[in-house]
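Participant: coords please:
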Amino acid sequence: MNFNFNKPQKDHYDVAIIGAGMSGMAAAIRLAHFGKEVCLLERHNVIGGLNSFYSIAGRKYDVGLHALTNYVEAGTKGTPIVKILRQLRISRDELDLNPQRFSKIAFPGINLKFGNNFQFLESEIDREFPDQADGFQKLLLRIYEWNDKEFDYPDVSAREIVAQCLSNPTLVDMLFCPLMFYGNARENDMEFGQFVILFKSLFFEGFARPFEGIRTMLRTVRKKLKKSGAEHCMKLGVKKIHVDSSRVESLELENGRTISADIVLSCAGWPETLKLCADIKFEEPDENIGRLSFTETINVLNCQPLELGIEDTIIFFNDSERFTFARPKNLVDAKSGVICMPNNYLYSDGRQLDEGFVRFTAQANFEKWNSLDDDSYQSEKNQWFDCIGESACKFLPVYSFSEIQKRTIATDMFTPKTVKKFTGRLDGAVYGSPLKTKAGKTHLENLYICGTDQGFLGIIGAMLSGITIANRYVLRD
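Facilitator: I've put the predicted structure just below:
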């Protein structure tokens, strides 16, 4: 069935899915494969949710995708990416995955390199923190023993468990830094279950990138979605979820039409979904709304990063005595962040991106960005663009942002305000609510949450979430 605009073909479906993010699309494909009549509703004109792309002057910019986590070599069994490929009937070749060169956690005076071989990170920790080797093995044992396949795992502080194993606060901060930047919705701590999921996806498995970035992922998933027969309505969001007793009675759409479904899945976010429910008086602020958002600057270069001596694929950096992960008091916290070089993946067949890219990501304050008038907003973007670059370049061999600027031929920047505008996430909370609905259940019998706020993280995690919730509550496997 073709993609439609503002035109559901029926009044009633087996399953209606709110949001065409990675989890919503994965759920739709999975259900359609089993003959379910599915309607996937997306209020924007592009798919992908938090992971998409945009064009300026003909140049494509990825949003979200620094790296596809959970990467494993072909032939590896029993991992999330293998399950997704099998259950969505996607061949590995379709994703065109290329592994990272190597990445790095960089703190003042100390670096830990890592790649897609976990022993590399172990050797780095042994080198930099020899007195922590036994404690690190103790932490690994706790990770191995954790049942991350169980939905209702207890909410235990990761900081507390890691502190029971490691006594060096710098090593603790260095391990938390990439995990928090790539999936944590809580300030300065996280559930140990979330820690385990992220640790495995980043360190036990690893990073890869399709040559064309997120476009390859979206193109592949969209092709499967069309082939599956699921109905997909673009530019048509849900205005209200109407309730009868303890069930979703109908979905009022933004074009005024109403449809119904036996089961409704939402990947719009936990608080965002509650806000749609007619039986709930939703008021902000709410403890379900995440406080963490980001800004990202992009420099397009007339050379490859390798020509500037930059060999890393991704650098997670911190320029303070202790690493802090929280909504900053200012517009941006430039003291820590992520530097991504999409050119520095090991692309097959000698391929390389025509232009160089350097992406700088930092924590940002949604409320402060949202309060600016148009002139102040643009002025602050210009100032923080340079400030973020200068801070991040302390951890690059060029040392000065001016060296990057000399090679820059195009730039762009997004803020938490941009995130909210194009994703609908309250307060621009990239990783959603700090309170995950791990079982996917809501207060309504036939309404379920999938995606980031269900608790699986990253692109692969989001897709796995959609499949898992679809299997458990619709297909009942």
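
Participant: which residues in the stretch 201-350 of the chain form strands?
Facilitator: All strands of the stretch 201-350 of the chain, identified by DSSP state E, counting those that start in this stretch, fall at 208-210, 231-234, 238-244, 247-253, 258-266, 293-301, 314-318, 332-340.

Participant: which of these sits closest to D148?
Facilitator: Closest to D148 of the strands of the stretch 201-350 of the chain, according to C-beta to C-beta: strand 208-210, at 21.0 Å. (C-beta placed from N, C-alpha, C; glycine too.)

Participant: for the lengthiest helix in the chain, name the packing helices and strands.
Facilitator: Looking across the chain with DSSP state H, the single longest helix is helix 374-392. In this structure, helix 374-392 makes packing contacts with strand 293-301, strand 332-340, strand 356-364, helix 401-406, strand 408-414, judged by 3 or more C-beta pairs under 8 Å, 6 or more residues apart in numbering; DSSP states H and E.

Participant: nearest to Q119, out of the ones you listed?
Facilitator: That would be strand 332-340 among the helices and strands packed on helix 374-392, by C-beta to C-beta, at 23.9 Å.

Participant: which one is L218 nearest to, not counting chain neighbours?
Facilitator: Distances taken as C-beta to C-beta, 6 or more residues apart in numbering put G48 closest to L218, at 5.2 Å, once the chain neighbours are dropped.

Participant: now that neighbour: how far from F203?
Facilitator: 26 Å (C-beta to C-beta, to the nearest Å).

Participant: swap in L31?
Facilitator: Going from L31 to F203 by C-beta to C-beta gives 33 Å.

Participant: over to L292?
Facilitator: Taken as C-beta to C-beta, the span from L292 to F203 is 21 Å.

Participant: returning to that earlier point: L31 and F203: who's more crowded?
Facilitator: The neighbour comparison of L31 against F203 (other C-beta atoms under 10 Å) goes to L31, with 26 against 21.

Participant: the more buried one contacts L225, doesn't it?
Facilitator: No - using C-beta atoms under 8 Å, L31 is not in contact with L225, being 11.0 Å away.

Participant: one step back: could you report the pLDDT at the residue nearest to L218?
Facilitator: We have a pLDDT of 88 for G48.

Participant: report how many residues lie close to L85.
Facilitator: Using other C-beta under 10 Å, L85 is surrounded by 16 other residues.

Participant: can you confirm it is in a helix?
Facilitator: Yes - counting by DSSP: H, G, I helix; E, B strand; the rest coil, L85 is found in a helix.

Participant: which residues sit in contact with it?
Facilitator: The neighbourhood of L85, defined by C-beta atoms under 8 Å, 6 or more residues apart in numbering, consists of S91, R92, L95.

Participant: for these, pick the one with the most neighbours.
Facilitator: Neighbour tally across the contacts of L85 (other C-beta under 10 Å): the maximum, 20 neighbours, falls on L95.

Participant: ok, the closest residue to that one other than its chain neighbours to Y347 distance?
Facilitator: In this structure, L95 finds its nearest non-sequential neighbour in P210, 5.7 Å apart by C-beta to C-beta, 6+ apart. Noted for P210: a distance of 10 Å to Y347, by C-beta to C-beta.

Participant: shared neighbours of the two, anything?
Facilitator: Common contact partners of P210 and Y347 (C-beta under 8 Å, 6+ apart): N98.

Participant: so which of these two has more stuff around it?
Facilitator: Per other C-beta under 10 Å, whichever of P210 and Y347 has more neighbours is P210, with 21 against 16.

Participant: assign Y448 to helix, strand or coil.
Facilitator: Three-state call for Y448 (three-state DSSP): strand.

Participant: now do the same contact list for the closest residue to it other than its chain neighbours.
Facilitator: In space, and not counting its chain neighbours, Y448 is closest to G440: 4.6 Å by C-beta to C-beta, 6+ apart. Contacts of G440 were listed using C-beta under 8 Å, 6+ apart, and they are F151, Y448, I449, C450, Q454, S465, T468, I469, R472, Y473.

Participant: N168 against D131, yeah?
Facilitator: Yes - counting by C-beta under 8 Å, D131 is a contact partner of N168 at 7.4 Å.

Participant: which of these two has more residues huddled nearby?
Facilitator: Using other C-beta under 10 Å, the more surrounded residue of N168 and D131 is N168, with 15 against 9.

Participant: for that one, give its distance to D152.
Facilitator: Distance from N168 to D152, by C-beta to C-beta: 33 Å.

Participant: domains in the protein, by residue range?
Facilitator: 4-65+214-288+432-475, 101-205, 291-423 (automatic domain parsing).

Participant: now those domains as JSON lines including distance to P80?
Facilitator: Listed next are the domains of the chain as JSON lines, based on distance: least, C-beta to C-beta, whole Å:
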{"stretch": "domain 4-65+214-288+432-475", "distance to P80": "5"}
{"stretch": "domain 101-205", "distance to P80": "7"}
{"stretch": "domain 291-423", "distance to P80": "20"}
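
Participant: deepest of those, which one?
Facilitator: Highest mean neighbour count of those: domain 4-65+214-288+432-475, a mean of 20 (counted as mean count of other C-beta atoms under 10 Å).

Participant: all helices of the stretch 51-200 of the chain, in order?
Facilitator: 80-88, 92-95, 118-128, 133-145, 158-165, 169-181, 192-199 (DSSP state H, counting those that start in this stretch).
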